[in-house]
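Student: let's see this in three dimensions:
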Amino acid sequence: MNTTITIYTDGAAQGNPGRGGYGVVLLSPPFRKELSEGFRLTTNNRMELLAVIKGLEALKYDGCDVTVYSDSKYVVDAVEKRWVFGWEKKGFKDKKNPDLWQRFLKAYRRHNVKFVWVKGHDGNTENERCDRLAVAAANTPPLSEDTGYTAADA
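Tutor: This next block holds a predicted model:
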């Protein structure tokens, strides 16, 4: 099944590290799904990356054509400039968030994914929605534990 999916993502952290959350909007008309979750202690970059992972992991079928819209240069550049594949070859030595990058690559490789960077807080309706979801999740108990977070990720 070749399905076209659009995913908007955003992450938020209040303090870096601090409380955080992610927001995801998945679109495959006529379907729409929103995802979010908050964490007690994490970083903005972890939440940006986790948003993409959760969006990709939510897809029911392999081989989807996916466009991910993100305002995270950290995530978009790492993939589009192919840095993450070099990091992988070196075992993510001295890189932050290796647990999430490995999880990302597993989900990424199940689909045909392209990334589009969007400017945050610039009126993009779905990006703004993801931001609201992420911030609300970070402020709504109970907050989960980001089990992969370490002080080295800060």
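
Student: okay, now the closest residue in space to residue 39 that isn't next to it in sequence: neighbour count?
Tutor: Computed as Cβ to Cβ, 6 or more residues apart in numbering, the closest residue to residue 39 that is not its neighbour in sequence is residue 146, at 4.4 Å. Heads up, the C-betas are built off the backbone N, CA and C, glycines and all. Using other Cβ atoms under 10 Å, residue 146 has 22 neighbouring residues.

Student: if I look at residue 146, how far off is residue 50?
Tutor: 8 Å (Cβ to Cβ, to the nearest Å).

Student: same question for residue 138.
Tutor: Where residue 50 is concerned, residue 138 sits at a distance of 12 Å (Cβ to Cβ).

Student: now do the shared contacts for those two.
Tutor: Common contact partners of residue 138 and residue 50 (Cβ atoms under 8 Å, 6 or more residues apart in numbering): none.

Student: go ahead and confirm the residue nearest to residue 39 touches residue 41.
Tutor: Yes: applying Cβ atoms under 8 Å as the test, residue 146 and residue 41 come out as touching, 6.3 Å apart.

Student: show the pLDDT at residue 129.
Tutor: Note on residue 129: pLDDT of 98.
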